[in-house]
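1. model this:
(one chain, ligands or ions: 2)
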Amino acid sequence: MEKLLEVINRIARPDLVSMRKMQERIHNLTKPVGSLGALEELAVRMAGIQAVPEPKIDAKAIVVMCGDHGVTEEGVSAYPSAVTGLMMGNFSRGRAAVNVLAKQCGAKVIVVDIGSYLQELPEGVIDRKIRSGTNNMAKGPAMTKQEAVEAIHIGIETAVSLAEEGTHVIGLGEMGIGNTTASSAIAAVLLSKPVQELTGRGTGLEHNGVDKKVEVIKQAIRTNRPDPNDVVDVLSKLGGMEIAGLVGVILGAASRKVAIVIDGVITGAAALVAYQIEPRCRDYMIASHLSAEPAHRFILDELGLTPLLHAGMRLGEGTGAALAFPMIESALRLTREMATFSELGLPSPAPELETYTLPSLALTDKRTTVISAASSNDGSAAESAAHHAFTAEEKAAVYRAIEERRDIRSFKKDPLPDELLMRLLRAGHHAPSVGFMQPWNFIVIRSEETKLQLKQAADKERRALLIHYEGEKAEKFSKLKIEALTEAPVTLCITLDPTRGGLHVLGRNSIPETDLASVSCAIQNIWLAARAEGLAVGWVSFYKKQDVRQILQIPPHVDPVALLSIGYTDHFPKQPILESSGWRKRLSLEELIYTEEWGTQSK
Ligand SMILES: Cc1cc2ncn([C@H]3O[C@H](COP(=O)(O)O)[C@@H](O)[C@H]3O)c2cc1C
Ligand SMILES: O=C(O)c1cccnc1
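-> Ligands and ions are numbered 1, 2, ... in the order given. Got it, this is the predicted structure:
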């Protein structure tokens with residue numbers, strides 16, 4: 001069996017060259033630029049997913065994972081658990097909604113029993129049962145971590161075997177009475193949002209029923225205390241076997257360059273989990289529709305996916321996914337069969353595309369938009385920007401380094417090659433500095449003994465700072481890791497020499513701290529270069545400068561501004577550690593921008 005880590009490692013970024021070729025082709029089609037909207041984006045994304053300029057769909061499938069939920073004994077669904085099994089019979093006879101829609105678009109439906117209560121499986125249902133139903137999550141964990149991982153593996157195997165048969169798109173489907181409860185619970189923890197904002201009627205609960213469901217979810221979270229930083233912990237405590245199975249389907253499909261169509265809120269919860277396991281799998285996801293369940297919108301927002309349909313659907317099974325298939329096929333067919341302007345002997349209607357955002361890489365600006373240079377008409381300024389601009393791929397890399405830079409606290413021991421370190425230092429040295437004063441020095445520390453002394457200095461300071469915090473904050477503060485200082489192969493001390501450049505450094509007289517601003521730019525350059533090199537950096541700033549001066553023999557007028565631990569790591573978290581641990585949230589950019597004068601915000 002392929003290990004989870006192997007599968008994750010196989011998930012590649014979408015192919016930018018193929019995406020660009022597709023984008024250029026679309027641009028030359030005989031239609032106004034951008035006029036096919038989401039279909040254009042679909043075609044570009046499919047090119048990136050399949051890593052070919054002319055993507056195709058030979059075969060498509062919907063995987064319906066089925067599992068039952070112990071939490072139904074709390075009365076969280078309008079229907080009894082027995083409906084899960086009855087519907088499995090319905091799928092087997094080809095009479096459920098998903099069968100009808102799949103038949104209409106020529107997709108096959110694969111039904112997998114991964115954890116239902118049904119004892120005798122109807123014909124055609126694949127038996128991969130882990131056990132009959134989860135435990136009631138209001139009373140304890142829904143399943144064990146091992147069971148969750150087993151379910152993920154079943155999903156991976158299902159997707160990989162479909163990929164091997166030549167399937168190019170997999171739609172996600174599920175059946176499991178009670179599973180909107182599990183999905184809202186997972187979303188509440190992973191999105192850190194109040195349960196009531198994410199919980200809906202599911203199969204059709206009335207008002208009181210939804211209130212009860214909210215209470216049950218809150219109870220489950222209180223009882224299980226899932227760790228939001230450990231996504232498999234969340235999945236196993238609050239999830240369902242079918243949800244975990246779908247996580248595996250997503251990872252398996254992405255690892256084989258197969259597009260994944262997300263259905264409603266339950267498959268959305270699985271997508272959120274898969275994304276936290278390996279963010280790259282997001283680039284393989286297409287959102288079919290917006291479910292009426294409230295959590296769905298927040299999940300899709302987090303994933304940066306825009307749903308194709310707003311049809312008020314709330315069924316699941318893969319029905320939305322089935323509706324999206326013809327749209328994806330239409331998108332590809334248009335790019336293959338429409339005439340281009342050049343075929344008609346006409347010039348392309350607009351300048352060659354130079355500046356557009358590749359949807360899959362617009363990671364922070366999560367709305368995936370394809371912007372064509374042609375649609376901006378700011379004349380010569382845009383032209384000169386286009387002349388100086390990097391290629392789309394280079395730009396994407398720069399923004400990616402910025403967005404994926406993280407402060408990392410856990411390192412592998414492996415040594416850092418000298419030439420690699422030199423590249424980082426060169427990046428630091430190319431930072432801007434006011435009046436070109438270049439006030440920095442870089443002290444490279446590899447000695448274990450010196451690193452230990454630095455760690456002790458940091459530890460002493462952290463203990464001293466603890467008095468500023470109380471309760472939970474104090475606990476979190478005391479857990480902040482400074483072990484990095486001894487774990488990482490290199491510690492870099494970056495210093496500031498205020499005498500550098502003499503007394504009359506240009507631009508420094510009125511704002512003396514410009515020297516510190518300059519050193520900060522050098523630190524940031526090193527950090528971004530390290531991210532691009534796949535290296536982790538942790539900035540330790542608890543220490544008394546005097547201690548560090550003494551340990552590193554730094555003269556008294558020189559300031560040790562930062563200690564950076566640098567090395568290899570196993571994990572670059574998606575969010576800053578201080579954000580995921582609940583210390584602080586990223587502020588809203590809009591609220592920080594004023595127009596013309598302090599405090600005035602544009603509407
Ligand atoms: C007949 C029937 C067919 C369905 N097909 C999908 N679901 C959907 O409803 C269930 C989730 O809602 P809740 O959390 O409220 O139980 C899942 O099985 C989902 O796939 C169905 C539900 C019913 C009743
Ligand atoms: O969003 C869904 O797919 C959904 C919503 C309600 C009930 N079952 C599924």
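
2. hmm, V169 is touching I328, no?
-> Yes. Checked against CB atoms under 8 Å, the pair V169 and I328 is within contact range at 6.3 Å. Heads up, the C-betas are built off the backbone N, CA and C, glycines and all.

3. helix or strand right after the helix or strand of the chain with the lowest mean pLDDT?
-> Taking mean pLDDT, DSSP states H and E as the measure, the chain has helix 379-388 as its least confident helix or strand, at a mean of 70. Once the chain leaves helix 379-388, the next helix or strand it forms, by DSSP states H and E, is helix 392-404.

4. which elements pack onto the very next helix or strand once past that next one?
-> For helix 392-404, the succeeding helix or strand toward the C-terminus, using DSSP H and E, is helix 418-429. Applying 3 or more CB pairs under 8 Å, 6 or more residues apart in numbering; DSSP states H and E, one finds that helix 418-429 makes contact with strand 440-445, helix 514-532.

5. need the residues touching each of V169 and I328.
-> Here V169 and I328 have 57, 259, 261 as joint contacts, going by CB atoms under 8 Å, 6 or more residues apart in numbering.

6. quick one: those residues as TSV, columns for secondary structure and distance to ligand 2 too.
-> Output for these, formatted as TSV (DSSP: H, G, I helix; E, B strand; the rest coil; distance: CB to the nearest ligand atom, whole Å):
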residue	secondary structure	distance to ligand 2
I57	coil	23
A259	strand	19
V261	strand	13
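
7. can you give me the neighbour number for the nearest residue to A269 once chain neighbours are set aside?
-> Take A269 and drop its neighbours on the chain: the residue closest to it by CB to CB, 6 or more residues apart in numbering is S183, 3.7 Å away. Neighbour count for S183, taken as other CB atoms under 10 Å: 35.

8. likewise for K60?
-> K60, neighbours per other CB under 10 Å, totals 25.

9. list the residues that contact it.
-> 105-108, 167-171, 325.

10. next, see if the host helix or strand of it gets close to ligand 1.
-> Using DSSP H and E, K60 sits within strand 59-67. No. Strand 59-67 stays clear of ligand 1 (CB under 6 Å from any ligand atom), getting no nearer than 8.3 Å.

11. please see if the helix or strand that that strand is followed by touches ligand 2.
-> Scanning forward in sequence from strand 59-67 by DSSP H and E, the next helix or strand is helix 82-92. No. Helix 82-92 lies out of reach of ligand 2 by CB under 6 Å from any ligand atom, never closer than 11.2 Å.

12. next, the angle from helix 82-92 to strand 59-67.
-> Calculated by axes from the mean of the first three to the mean of the last three CA atoms, to 10 degrees, helix 82-92 forms an angle of 160 degrees with strand 59-67.

13. next, the buried residues of helix 82-92.
-> 83-92 (16 or more other CB atoms under 10 Å).

14. could you export it as PDB, CA atoms only?
-> The C-alpha coordinates for helix 82-92 follow below in PDB (Å, rounded to 0.1, in the frame of the first residue of the first chain):
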ATOM      1  CA  ALA A  82     -31.800   3.300   8.400                       C
ATOM      2  CA  VAL A  83     -32.100   5.700   5.400                       C
ATOM      3  CA  THR A  84     -28.300   5.300   4.700                       C
ATOM      4  CA  GLY A  85     -28.700   1.600   4.000                       C
ATOM      5  CA  LEU A  86     -32.000   2.100   2.100                       C
ATOM      6  CA  MET A  87     -30.300   4.700  -0.100                       C
ATOM      7  CA  MET A  88     -27.300   2.300  -0.700                       C
ATOM      8  CA  GLY A  89     -29.900  -0.100  -2.200                       C
ATOM      9  CA  ASN A  90     -31.300   2.800  -4.200                       C
ATOM     10  CA  PHE A  91     -27.800   3.600  -5.600                       C
ATOM     11  CA  SER A  92     -27.300  -0.100  -6.400                       C
END
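
15. buried sites along the following helix or strand past that helix?
-> Following helix 82-92 in sequence order, the next helix or strand is helix 97-105 (DSSP H and E). Residues of helix 97-105 classed as buried by neighbour count (16+ other CB under 10 Å): 97-99, 101-102, 105.

16. also near ligand 2: which of those, exactly?
-> Within the buried residues of helix 97-105, nothing lies near ligand 2 by CB under 6 Å from any ligand atom.

17. mind giving me CSV with these and columns for pLDDT?
-> Shown next, in CSV, are the buried residues of helix 97-105 (pLDDT from 0 to 100):
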residue, pLDDT
A97, 98
V98, 98
N99, 98
L101, 98
A102, 98
C105, 97
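
18. and these, which two are the farthest apart?
-> Greatest spatial distance in the buried residues of helix 97-105: A97 and C105, 13.2 Å, computed using CB to CB.

19. which of the helices and strands packed on helix 418-429 sits most buried?
-> helix 514-532 (a mean of 20; mean count of other CB atoms under 10 Å).

20. who touches the host helix or strand of E591?
-> In this structure, E591 is located in helix 589-592 according to DSSP H and E. Here helix 589-592 makes contact (CB under 8 Å, 6+ apart) with Q601.

21. measure stretch 478-487 end to end?
-> 18 Å (CA to CA, to the nearest Å).
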